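1. no FASTA, just this:
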């Protein structure tokens, strides 16, 4: 299967768009991922659900630091 790496926040919805393809999709986030408290206060519910659903459809997720990874988790 082909491998597609998606890079950075402008393309956060892309893994979700590719989930029904035979490609293996990875996503790497180059900028800080905010804390859960900030995310739930400042991100619209519909947008937040779409972003999280899309990113969770990727087979691999990468973050620059453990803190940003932990913020996402």
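-> Alright, I've got the coordinates. Just so we're clear, the structure is a prediction, and the values are computed from it rather than from any experiment. Residues are numbered from 1 along each chain as shown.
2. tell me the spacing between the closest residue to residue 69 other than its chain neighbours and residue 46.
-> Using CB to CB, 6 or more residues apart in numbering and skipping the chain neighbours, the partner closest in space to residue 69 is residue 63 (4.2 Å). In short, each C-beta sits where N, CA and C put it, glycine included. Residue 63 sits 24 Å away from residue 46 when distances are taken as CB to CB, to the nearest Å.
3. contacts only, for the residue nearest to residue 69.
-> With CB atoms under 8 Å, 6 or more residues apart in numbering as the criterion, the residues that contact residue 63 are 28, 29, 33, 69, 72.
4. can I get these in CSV with neighbour count, secondary structure and pLDDT?
-> Converted to CSV, the contacts of residue 63 look like this (neighbours: other CB atoms under 10 Å; DSSP: H, G, I helix; E, B strand; the rest coil; pLDDT from 0 to 100):
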residue, neighbour count, secondary structure, pLDDT
28, 14, strand, 97
29, 19, strand, 95
33, 21, coil, 91
69, 14, helix, 95
72, 17, helix, 92
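5. which parts of the protein are strands?
-> Secondary structure of the chain by DSSP state E: the strands cover 3-7, 24-29, 60-63.
6. quick one: closest of those strands to residue 13.
-> When the strands of the chain are compared for distance to residue 13 using CB to CB, the nearest one is strand 3-7, at 9.5 Å.
7. please enumerate residues in contact with that closest one?
-> Here strand 3-7 makes contact (CB under 8 Å, 6+ apart) with 14, 15, 18, 23, 24, 25, 26, 27, 28, 30, 58.
8. show me the two of those residues that sit farthest apart.
-> Comparing every pair within those by CB to CB identifies 23 and 30 as the most remote, at 21.0 Å.
9. more crowded one of these two?
-> The residue with more neighbours, out of residue 23 and residue 30 and counting by other CB atoms under 10 Å, is residue 23; that gives 14 against 11.
10. does that one touch residue 2 like I think?
-> Yes: proximity of residue 23 to residue 2 meets the contact threshold set by CB atoms under 8 Å, at 4.6 Å.
11. residues in contact with residue 54?
-> When the contact criterion is CB under 8 Å, 6+ apart, the partners of residue 54 are 12, 13, 14, 15, 16, 17.
12. now with 6 Å, please.
-> Residues counted as contacts of residue 54 (CB atoms under 6 Å, 6 or more residues apart in numbering) are 13, 15, 16.
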